[in-house]
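Asks: Pasting the sequence and the predicted model now:
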Amino acid sequence: MTSVLYDAQGPRAKRRNVLYTAVFLVVLAAVVWWVYKALDDKGQLAWALWKPFFSGTEAYSTYIWPGLRNTLKAAALAMVIALPLGAVLGMARLSDHVWVRVPAAVVVEFFRAIPVLVLMIFGLALFAQYTDVSSDDRPFYAVVTGLVLYNASVLAEIVRAGILALPKGQSEAAMAIGLRKNQVMRLILLPQAVTTMLPAIVSQLVVIVKDTALGGAVLTYPELLASANTMSGYYGNIIASLAVVGVIFVVINFSLTSFASWLEGRLRRGRKSTGAVLGAQAVADIAGTAADADPAGTAAGIGDIDGVRK
Amino acid sequence: MFDFLGRYDVLGAFWTTVQLTLLSAVGSLVWGTLLAGMRVGPVPLMRGFGTAYVNIVRNIPLTVIILFSSLGLSQTLGITLGAHDFKVQGFRLAVLGLILYTSAFVCEAIRSGINTVPVGQAEAARAIGLSFTQVLGLIVLPQAFRAAIGPLTNVLIALTKNTTVAAAIGVAEAAFLMKEMIENEAQLLVISAVIAFGFVCLTLPTGLILGWVGKKMAVKR
């Protein structure tokens, strides 16, 4: 395999690569051995600690599935509320009226600058002091509130970028046939921007799913991580439990990420679209969350492995 | 109205936030650059390792990583990172977790910077006989870093906000102090406003200044 960064390998380079591979393998093996040794010394590899996950369904039905359900519930609800809110804020930032544009910009920039955990802690106290939401439901409300406030402002930026990414001719043509400003936005720009933004929105879902874990760790919302913590108390297997939780998160988020990049590729190739697609990299740039930066961009990139020789 | 603030070390908490941010930023810049080098290099095993690392780590919540470093590494396996004090240990574990997590994003930011370097640059470098490490170190990375300032700034801002996750293992930074103050004082709005203002002061100037630097430094093509 060649890349632009290095020549096709001759005998010397091949020997050198074999040497590098060997050295790297030794280092990797040393690290793996050290981890194994550390785990083994403390008896963390005992079958009893891992058994709950491989035989029987008790661990799953009692702890993992209910936790996962709560994780997905909070993430889905936050997305459903944040999406329309973000769309409104994003369009408000594009308004011709200063008194709409500026407040929307202030709100968006403010909530983007604040950690989502701070928003969640604020939400929890807010619901405790000013509403009569029962104390059992409060963490859930607080988690969703925090996620909505933060992600609505990120989605607002995605919507704005999605609309701005459309070719100028679209709105010009719409105005030329006599549509009003609101019709141009509602009938012409927004429907096209939605397809443009789809990959970016799916990537943002990954961020939301990951952030629900904060609610478990700090706000006692019984999501996946929190219930795994409870579970490890019962079985005495914190490392095994966290490993399983990690695997579940990777599976969910990796499928979302792959779906987003598949969608992005499909939309880029699509003939009907305007060719404007807001990819995952765009989200990372907008959100500052570095959500999912897969720079498989359209530019002739030399970081792409399979040699881009155009 | 603001009297109660005198009883808490608000500036100290934000100083901890800044320390967490800076130490993790330096660490993840080093480890992330190494990962990026592996991902574009000629050795298949290193490429595979880099790709696997990035794809696994960026899909796990930071909270899980930080809790693992506290509950798993330190409490179960007894790794103390050379700290005798419980507070220092929590701080170091948080930095370790933040570095492991953030370096995946740094790697991707640098790789996106490498993507902006025109193919001709690397081809010319190879034509005059430079090896892979020379092409990467002398020609591509210097240009890539200048283009990556923008994405790296976003990573830095995200890192600043992510340091609050250290509150989950009891590091006394801003979010931890906020929780403590809310429990003890009936001044929810004032407390939240102070903490929010602190974070706005940290993140907005970072974005503005580094955004300006990024524009100045970008290679004009």
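Replies: Ah, there it is. From a predicted model like this one, the values you see are computed outputs, not experimental measurements.
Asks: right, is the lowest-mean-pLDDT helix or strand in chain B up against chain A?
Replies: In chain B, no helix or strand scores lower on mean pLDDT, DSSP states H and E than helix B:132-134, which sits at a mean of 84. Yes. In this structure, helix B:132-134 sits against chain A according to C-beta under 8 Å from any C-beta of the partner chain; the contacting residues are residue B:132. Bear in mind the C-beta positions are built from the backbone N, C-alpha and C, glycine included.
Asks: Only the buried residues of stretch A:14-33, if you could.
Replies: Of the residues in stretch A:14-33, those with enough neighbours to count as buried (16 or more other C-beta atoms under 10 Å in any protein chain shown) are A:16-17.
Asks: residues in contact with that stretch?
Replies: Defining contact as C-beta atoms under 8 Å, 6 or more residues apart in numbering or on different chains, one finds that stretch A:14-33 is touched by A:9, B:42-46, B:49.
Asks: What residues sit buried inside the least confident helix or strand of chain B?
Replies: With burial defined by 16+ other C-beta under 10 Å, the residues of helix B:132-134 counted as buried are residue B:132.
Asks: hmm, the helix or strand that that helix is followed by in reach of chain A?
Replies: In the C-terminal direction, the helix or strand that comes right after helix B:132-134 (DSSP states H and E) is helix B:141-162. Yes. For a cut-off given as C-beta under 8 Å from any C-beta, helix B:141-162 has contacts with chain A, namely B:150-151, B:153-155, B:157-158, B:161-162.
Asks: what helix or strand is the residue lying closest to residue A:245 once chain neighbours are set aside on?
Replies: Across the structure, with C-beta to C-beta, 6 or more residues apart in numbering or on different chains as the measure, the residue nearest residue A:245 apart from its sequence neighbours is residue A:228 (4.5 Å). Secondary-structure element containing residue A:228, defined by DSSP H and E: helix A:224-235.
Asks: contacts for that helix?
Replies: Surrounding helix A:224-235, the residues in contact under the criterion C-beta under 8 Å, 6+ apart are A:49, A:52, A:59, A:62-64, A:66-68, A:70-71, A:212-213, A:215-217, A:220, A:222, A:238, A:240-242, A:244-245, A:248-249, B:61, B:63-64, B:67, B:71.
Asks: what about 6 Å?
Replies: By C-beta atoms under 6 Å, 6 or more residues apart in numbering or on different chains, the surrounding residues in contact with helix A:224-235 are A:52, A:63, A:67-68, A:71, A:213, A:216, A:238, A:241, A:245, B:64.
Asks: The residues you listed into CSV, with extra columns for pLDDT and distance to residue B:120?
Replies: What follows is those, written out as CSV (pLDDT from 0 to 100; distance: C-beta to C-beta, whole Å):
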residue, pLDDT, distance to residue B:120
A:52, 78, 57
A:63, 84, 56
A:67, 90, 52
A:68, 91, 50
A:71, 92, 48
A:213, 91, 45
A:216, 87, 50
A:238, 85, 53
A:241, 87, 52
A:245, 91, 47
B:64, 92, 43
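Asks: farthest pair in those residues?
Replies: Checking those against each other with C-beta to C-beta, the farthest-apart pair comes out as A:52 and A:213, at 20.9 Å.
Asks: and which of the contacts of helix A:224-235 is nearest to residue A:108?
Replies: Checking these against residue A:108 by C-beta to C-beta gives residue A:213 as the nearest, at 24.7 Å.
Asks: So is the helix or strand that contains the closest one next to chain B?
Replies: Here residue A:213 sits within helix A:190-219, counting by DSSP H and E. Yes. Judged by C-beta under 6 Å from any C-beta of the partner chain, helix A:190-219 comes into contact with chain B at A:210, A:213-214, A:217-218.
Asks: can you count the residues close to residue 36?
Replies: If you meant another chain, say so; for now it's chain A. 12 (other C-beta atoms under 10 Å in any protein chain shown).
Asks: Not quite, go with chain B.
Replies: Applying other C-beta under 10 Å, we find 27 other residues in the vicinity of residue B:36.
Asks: Run the angle between the helix or strand hosting it and helix B:141-162 for me.
Replies: Residue B:36 belongs to helix B:10-40 when elements are defined using DSSP H and E. Direction vectors for helix B:10-40 and helix B:141-162, defined by axes from the mean of the first three to the mean of the last three C-alpha atoms, to 10 degrees, enclose an angle of 140 degrees.
Asks: model confidence over the helix or strand hosting residue A:21, on average?
Replies: Using DSSP H and E, residue A:21 sits within helix A:11-41. When the per-residue pLDDT values of helix A:11-41 are averaged, the result is 89.
Asks: what's the following helix or strand after it?
Replies: Helices and strands here follow DSSP H and E; after helix A:11-41, the next one along the chain is helix A:47-54.
Asks: for that next one, which positions count as buried?
Replies: Of the residues in helix A:47-54, those with enough neighbours to count as buried (16+ other C-beta under 10 Å) are A:49-50, A:52-53.
Asks: distance between the following helix or strand past that helix and the chain's centre?
Replies: Scanning forward in sequence from helix A:47-54 by DSSP H and E, the next helix or strand is helix A:58-59. In this view, helix A:58-59 has its centroid 29 Å away from the chain centroid, taken as C-alpha atoms, centre = their mean, to the nearest Å.
Asks: same question, stretch A:98-112
Replies: In terms of C-alpha atoms, centre = their mean, the gap separating the centre of stretch A:98-112 from the centre of its chain is 24 Å.
Asks: How about residues contacting that stretch?
Replies: By C-beta under 6 Å, 6+ apart, the surrounding residues in contact with stretch A:98-112 are A:89, A:92-93, A:95, A:149-150, A:153, A:156.
Asks: run the last query once more with 10 Å
Replies: A:86, A:88-95, A:119, A:146, A:148-157, A:160, A:286-289, B:157, B:161, B:196, B:199-200, B:203-204, B:207 (C-beta atoms under 10 Å, 6 or more residues apart in numbering or on different chains).
Asks: Only the buried members of these: can you turn that into a PyMOL selection?
Replies: The following PyMOL line selects those of the contacts of stretch A:98-112 that are buried, judged by 16+ other C-beta under 10 Å:
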select buried, (chain A and resi 86+89+90+91+92+93+119+146+148+149+150+151+152+153+154+155+156+157+160+286+287+288+289) or (chain B and resi 157+161+196+199+203+207)
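Asks: Next up, the contacts around residue A:222.
Replies: Applying C-beta under 10 Å, 6+ apart, the residues near residue A:222 are A:63, A:66-67, A:69-71, A:136, A:139-140, A:215-216, A:229-230.
Asks: out of the residues you listed, which are buried?
Replies: Applying the neighbour count, that is 16+ other C-beta under 10 Å, the buried entries in the contacts of residue A:222 are A:63, A:67, A:70-71, A:139-140, A:215-216, A:229.
Asks: Next, format the residues you listed as JSON lines and append distance to residue A:257.
Replies: Rendered in JSON lines, the data for the buried ones among the contacts of residue A:222 read as follows (distance: C-beta to C-beta, whole Å):
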{"residue": "A:63", "distance to residue A:257": "26"}
{"residue": "A:67", "distance to residue A:257": "22"}
{"residue": "A:70", "distance to residue A:257": "22"}
{"residue": "A:71", "distance to residue A:257": "17"}
{"residue": "A:139", "distance to residue A:257": "28"}
{"residue": "A:140", "distance to residue A:257": "26"}
{"residue": "A:215", "distance to residue A:257": "22"}
{"residue": "A:216", "distance to residue A:257": "22"}
{"residue": "A:229", "distance to residue A:257": "26"}
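Asks: and of those, the nearest to residue B:112?
Replies: Distance to residue B:112 across the buried ones among the contacts of residue A:222 (C-beta to C-beta) is lowest for residue A:71, with 29.7 Å.
Asks: right, and the closest one touches residue A:212 too?
Replies: Yes. Under the criterion of C-beta atoms under 10 Å, residue A:71 is in contact with residue A:212, at a separation of 4.9 Å.
Asks: Mind listing the shared neighbours of these two?
Replies: Once C-beta under 10 Å, 6+ apart is applied, the residues that residue A:71 and residue A:212 both contact turn out to be A:143, A:221, A:223-226, A:249, B:61.
Asks: Having no further points to raise, I will conclude here.
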